[in-house]
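**Student:** Fold the following.
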Amino acid sequence: MNKTKEKQLLIDKIVEAIQDTKGEDILIFDLSTIENSVAETFVICSGNSNTQVSAIAGNIEKKVRNELQDRPWHVEGNENNLWVLLDYVSVVVHVFQKQTREFYEIEELWGDAKITKIEN
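**Tutor:** Residues are numbered from 1 along each chain as shown. Predicted coordinates for the structure are as follows:
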């Protein structure tokens, strides 16, 4: 399987895991054409509480590990679950509590990226 198909399979599994745990406002940012971006793709979503943010991040890790035999290179933020980052190198997942996402306005940082909104 080529890298593009592997990456798309990873993105699909991540979105599926988010939807399974009722994550909201799912956006996929294609950063592949942006110079010096930290990853090729960002997946961003929101949860309503630290418990839900933890559940979303945990389900992403579990589903990707069990179905794709892949683990994140780095995980950050699961101490307080206001904003959990899962780094799969080419795909970085941001799971926010709603108010934290609104405060940081991370979507505004990548205004020139191609954005796909996933409907729940």
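
**Student:** how near is D70 to L109?
**Tutor:** Using CB to CB, to the nearest Å, we find D70 at a distance of 26 Å from L109. Placement of C-beta: from N, CA and C, glycine included.

**Student:** out of the two, which sits in the busier spot?
**Tutor:** Per other CB atoms under 10 Å, whichever of D70 and L109 has more neighbours is D70, with 17 against 11.

**Student:** which residue packs closest to the more buried one, ignoring adjacent ones?
**Tutor:** Nearest non-adjacent residue to D70, counting by CB to CB, 6 or more residues apart in numbering: V64, 5.2 Å away.

**Student:** would that neighbour count as being in a strand?
**Tutor:** No. Assessed with DSSP: H, G, I helix; E, B strand; the rest coil, V64 is helix; it does not lie in a strand.

**Student:** I figured it was touching V75, is that so?
**Tutor:** No. Counting by CB atoms under 8 Å, V64 does not reach V75; the two are 11.8 Å apart.

**Student:** okay, the two: which has more neighbours?
**Tutor:** V64 (23 against 15).

**Student:** which residues touch the more buried one?
**Tutor:** Contacts for V64 were tallied using CB atoms under 8 Å, 6 or more residues apart in numbering; they are L10, K13, I14, A17, D70, R71, P72, Y88.
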